[in-house]
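> Sharing a model that was predicted from the sequence below.
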Amino acid sequence: MEKQILQALQQINETLKQQGETLKQQGETLKEHGETLKEHGLILGALRSGQEALKAELSEFKLQNARDFGQLREQISGIELSVEILKEESWTNKKDIRRVQKTMGLK
């Protein structure tokens, strides 16, 4: 009977050793996974930071484009006004030339 108890205890001891080894291996695997997750967290943090920087830069570009567009619209408005004035002056000059030509009998 003592032999049977000793054999049972030895079997239990072997089983516990095997389970201990399995737990040790799983612990190492979990540690590796933890390190990998930590690295991924750092990478994600860097990506977020870079993305925020790009968003800020894009916003600045949009703001600058809006300013430039506003300035161009003002310049175009000024040019349109100048063209309209030149058109009126040209028409007035044509009328004056025709009047002078009629007065001189050229047409």
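Great, that's in hand.
> roughly how far apart are L9 and T15?
Taking Cβ to Cβ, to the nearest Å as the measure, L9 falls 11 Å from T15. Placement of C-beta: from N, CA and C, glycine included.
> whoops, I mixed them up, Q25
The spacing between Q25 and T15, counted by Cβ to Cβ, is 16 Å.
> for Q51, same thing?
Per Cβ to Cβ, Q51 is found 52 Å from T15.
> what do you get for I76?
From I76 across to T15, the span is 88 Å (Cβ to Cβ).
> ditto for A46
On the measure of Cβ to Cβ, A46 and T15 end up 47 Å apart.
> before we move on, what about L106?
126 Å.
> Tell me which other helices or strands the helix or strand harbouring D96 touches.
Using DSSP states H and E, D96 maps to helix 2-104. For helix 2-104, there is no helix or strand it packs on, judged by 3 or more Cβ pairs under 8 Å, 6 or more residues apart in numbering; DSSP states H and E.
> Low-confidence regions, the protein specifically.
Within the chain, the set of residues satisfying pLDDT under 70 comprises 107.
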